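> got a structure for you, letters missing:
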């Protein structure tokens, strides 16, 4: 499957399949059309969302404030917006085709 990355104002948007409460923080590849992200943070009071945003910011080499969960805050499937980056750069930094 292929991660679907769409243009957004000033950046890109894509889907994330979140796995909170995992044994370690990592980007676990593509799951369907979403990026699978595992984090150790629990799914309570936004902790997992914050951990996902921080992990993606580090992986994409953008400031933490550039990554925002815009949909699915309490769901396993989330939509993330990353500003200041384009789709080709996202694919290259995540090692995706």
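Arrived safely. Source: prediction; values computed, not measured.
> got the contact list for residue 78?
When contacts are counted by C-beta atoms under 8 Å, 6 or more residues apart in numbering, residue 78 touches 15, 16, 18, 49, 52, 69, 71, 72. From N, CA and C alone the C-beta is placed, and that goes for glycine too.
> Any buried residues in the strand or helix carrying it, and which?
Residue 78 is located in strand 77-83, with elements delineated by DSSP states H and E. Residues 78, 79, 80, 81, 82, 83 are the ones in strand 77-83 that count as buried (16 or more other C-beta atoms under 10 Å).
> that older thread, would you reformat the contacts of residue 78 as TSV and include pLDDT, distance to residue 32 and secondary structure?
Below are the contacts of residue 78 laid out as TSV (pLDDT from 0 to 100; distance: C-beta to C-beta, whole Å; DSSP: H, G, I helix; E, B strand; the rest coil):
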residue	pLDDT	distance to residue 32	secondary structure
15	98	8	strand
16	97	11	strand
18	96	13	strand
49	96	20	helix
52	97	17	helix
69	95	18	strand
71	95	16	strand
72	90	14	coil
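> Tell me which two of those residues sit farthest apart.
Using C-beta to C-beta, the contacts of residue 78 span at most 14.0 Å, a distance reached by 15 and 49.
> re earlier: so what's the model's average confidence on the strand holding residue 78?
Strand 77-83 comes out with an average pLDDT of 97.
> shaky segments in the chain?
Per-residue confidence for the chain (pLDDT under 70) gives these ranges: 1.
> okay, the buried residues of strand 77-83 in TSV with distance to residue 62 next?
Converted to TSV, these look like this (distance: C-beta to C-beta, whole Å):
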residue	distance to residue 62
78	17
79	17
80	12
81	11
82	6
83	8
